[in-house]
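Colleague: My questions are about this predicted structure, shown below with the sequence.
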Amino acid sequence: EVQLEKWEEHGTKGILGLKEKNSRLESDLTACDAERSQLAQSNENLRDDVARVEAEVAASNETTSVMRTEMLQSSERLSEMFARQHTLEALLGEKDAALQSMEGVVKEREDALNVAQGIVTETQQEKHD
């Protein structure tokens, strides 16, 4: 009977120890569940952040592509404008040369007219005399 009491006492202590251990494990499990929930939320937040950054990068890439296209078009227009400017400068040079040539012809004609007027004046004076 003494032996039975010892076993009962020992069994009771063992059961109490197991209950205490079980309680600690349940507490640890609850803490792990809470941490897992926080990690899941953090993971979801990170996924949202990654999706937002990917969208921003895609938009930035699109903007960069559009800007690159616009720069190429502007460069082409600028090249065309420089070519036109060169052509216009050449035409202006030709026009100036033609104008100088015409000014020379006008000067020659004015000189010839002056000579002719001198002859006419001289002839009229001779007729009066």
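Modeller: Yep, that arrived. Numbers count the residues shown, from 1 in each chain.

Colleague: Next, count neighbours for Ser23.
Modeller: As a burial measure, Ser23 scores 10 neighbours (other Cβ atoms under 10 Å). Just so you know, the C-beta spots here come from the backbone N, C-alpha and C atoms, and that holds for glycine as well.

Colleague: how close does it sit to Leu29?
Modeller: The gap separating Ser23 from Leu29 is 11 Å, by Cβ to Cβ, to the nearest Å.

Colleague: what do you get for Glu89?
Modeller: 88 Å.

Colleague: Ok, Val106 next?
Modeller: The value you get for Val106 to Leu29, if Cβ to Cβ is used, is 112 Å.

Colleague: now Leu99
Modeller: 102 Å.

Colleague: for this protein, what spans make up the helices?
Modeller: In the chain, the helices defined using DSSP state H lie at 2-128.

Colleague: Flag the shaky bits of the protein, pLDDT-wise.
Modeller: Within the chain, the segments meeting pLDDT under 70 span 2.

Colleague: center of it - which residue?
Modeller: Compute the mean C-alpha point of the chain, and by Cα atoms, centre = their mean the closest residue is Thr64, 3.7 Å away.

Colleague: quick one: that one from Asn45, how far?
Modeller: For Thr64 relative to Asn45 (Cβ to Cβ), the value is 28 Å.

Colleague: Please apply the same query to Asp111.
Modeller: Counting by Cβ to Cβ - Asp111 and Asn45 are separated by 96 Å.

Colleague: between Ser23 and Leu29, what contacts are shared?
Modeller: By Cβ atoms under 8 Å, 6 or more residues apart in numbering, Ser23 and Leu29 have no common neighbours.

Colleague: what residue of this protein is the furthest out?
Modeller: Going by Cα atoms, centre = their mean, the residue of the chain most distant from its centre is Glu1, 92.9 Å out.

Colleague: Can you give me the distance of that residue to Gly14?
Modeller: For Glu1, the distance to Gly14 - Cβ to Cβ - is 20 Å.

Colleague: Asn61 too?
Modeller: Asn61 is 68 Å from Gly14, by Cβ to Cβ.
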